[in-house]
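Asks: Sequence plus the predicted model coming up.
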Amino acid sequence: MTNLEGIFSALLTPFKDDETIDRAAIGPFVDFQVRQKIQGTYVGGSSGEAMLQSLQERSNALEWTADAAAGRLALIAHVGAIATADTIELARVANTNGYNAVSAITPYYYGFSREEVMEHYRALADASALPLIIYNFPARTAGFSTEELSNLLGHGNIIGIKHTSSDMFQLERLRQTNPDALIYNGYDEMCLAGLASGARGAIGTTYNFMGDLFVALQAHVLAGQIEDARTLQRVANDIIDVLIAVGVMPGSKAALDVMGVPIGPSRRPFRKLHDADRARLEESLQPLLSWRAANA
């Protein structure tokens, strides 16, 4: 599991103006991920707008991204869906295309019982040829108790948790009681807190365009240089403040466009940015670009 530790971008999906997936843009976009020296990428999750795509589109995106990565990045496929059968099918696609692991959000919308949710994950873990990482995102789905997550980690094919939660106490308890588990911090603005609490990596949207900064932040944490890590977290959070104001998905794509890596718009109902939004975002990126130039 060593190759699955570190900083992973929650990969955005390039779209054309007509909102179809832009296959030609995937290669240059993945090249940019590689240049940032992140450990890998998490494909087909919330940041990839997977919930706005058909099952076939999601399968295509997994295949085309793996082709573009060509072994240069560790790959985690997000296969979460409401239907268990769909998650199993996407896990099969991920395995066929050489992914290292799969991950899945909790089935949503119907208010499934705890028994149904737990059985969903066990069925996926049983069927998948790849190890499974639970996606714990209580702000969007029913969350898990620490006991439930530890129970799932007892399954032989469940190796970790994407912890998109501000509950650092739960993260620390999971790390303490499951020392071999891969626990990823999920909120970019709390990356330092997650790493300090025992996360062995982080998966986030803004790592698409500032993954190199978070690679440096993690290196500072591992070296005990907390003030340096805090400085980088502040640079990131100043940008995240603006992203929250203008829209995280379209804002992240606009940030990439500013950096010369165009990947098109977000799918509706996400809005297009106004000129004033883009100008505000571009201004917020200047400290990041200065840091990058100084550390090139």
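Replies: Received the coordinates, thanks.

Asks: Look at N157 and report its pLDDT.
Replies: The model reports N157 with a pLDDT of 98.

Asks: how many other residues sit next to A236?
Replies: Using other CB atoms under 10 Å, A236 has 23 other residues around it. From N, CA and C alone the C-beta is placed, and that goes for glycine too.

Asks: roughly how far out does the helix or strand where it lies sit from the chain middle?
Replies: In the assignment (DSSP states H and E), A236 maps to helix 226-246. The chain centroid and the centroid of helix 226-246 are separated by 17 Å under CA atoms, centre = their mean, to the nearest Å.

Asks: just stretch 193-203 next, same as before
Replies: Relative to the centre of its chain, stretch 193-203 is centred 13 Å away, using CA atoms, centre = their mean.

Asks: swap in stretch 55-75?
Replies: Here stretch 55-75 is found 14 Å from its chain centre; the criterion is CA atoms, centre = their mean.

Asks: any idea how far V93 is from D86?
Replies: As judged by CB to CB, to the nearest Å, V93 and D86 stand 11 Å apart.

Asks: if I look at L124, how far off is A10?
Replies: In terms of CB to CB, L124 sits 20 Å off from A10.

Asks: about what we covered before: looking only at neighbour counts, state which of V93 and D86 leads.
Replies: Neighbours were counted for V93 and for D86 using other CB under 10 Å; V93 has more, 21 against 15.

Asks: Does the more buried one fall in a helix, a strand, or a coil region?
Replies: The three-state label given to V93 by DSSP: H, G, I helix; E, B strand; the rest coil is helix.

Asks: Which residues are in contact with it?
Replies: Residues near V93 by CB atoms under 8 Å, 6 or more residues apart in numbering: 59, 62-63, 77.

Asks: redo that, cut-off 7 Å
Replies: By CB atoms under 7 Å, 6 or more residues apart in numbering, the contact set of V93 is 59, 62-63.

Asks: Which one (most neighbours) among these?
Replies: L62 (26 neighbours).

Asks: re earlier: okay, the contacts of V93 in CSV with secondary structure and distance to G44 next?
Replies: As requested, these are exported to CSV (DSSP: H, G, I helix; E, B strand; the rest coil; distance: CB to CB, whole Å):
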residue, secondary structure, distance to G44
S59, helix, 9
L62, helix, 6
E63, helix, 11
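
Asks: any idea which of those is the one closest to Y99?
Replies: Nearest to Y99 out of the contacts of V93 is L62 (CB to CB; 7.3 Å).

Asks: Strands along the stretch 1-150 of the chain, start to end?
Replies: Taking DSSP state E, counting those that start in this stretch as the criterion, the stretch 1-150 of the chain contains strands spanning 6-10, 40-43, 74-78, 101-105, 132-136.

Asks: Between strand 74-78 and the last one, find me the angle.
Replies: Compare the direction of strand 132-136 with that of strand 74-78 by axes from the mean of the first three to the mean of the last three CA atoms, to 10 degrees and you get 60 degrees.

Asks: Please export the C-alpha coordinates of strand 132-136 as CSV.
Replies: Only the C-alpha atoms of strand 132-136 are listed here, as CSV (Å, rounded to 0.1, in the frame of the first residue of the first chain):
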residue,chain,number,x,y,z
LEU,A,132,-11.6,-0.8,-1.5
ILE,A,133,-11.3,2.6,0.2
ILE,A,134,-14.5,3.8,2.0
TYR,A,135,-15.6,7.3,1.2
ASN,A,136,-16.8,8.9,4.4
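
Asks: Lovely, talk soon.
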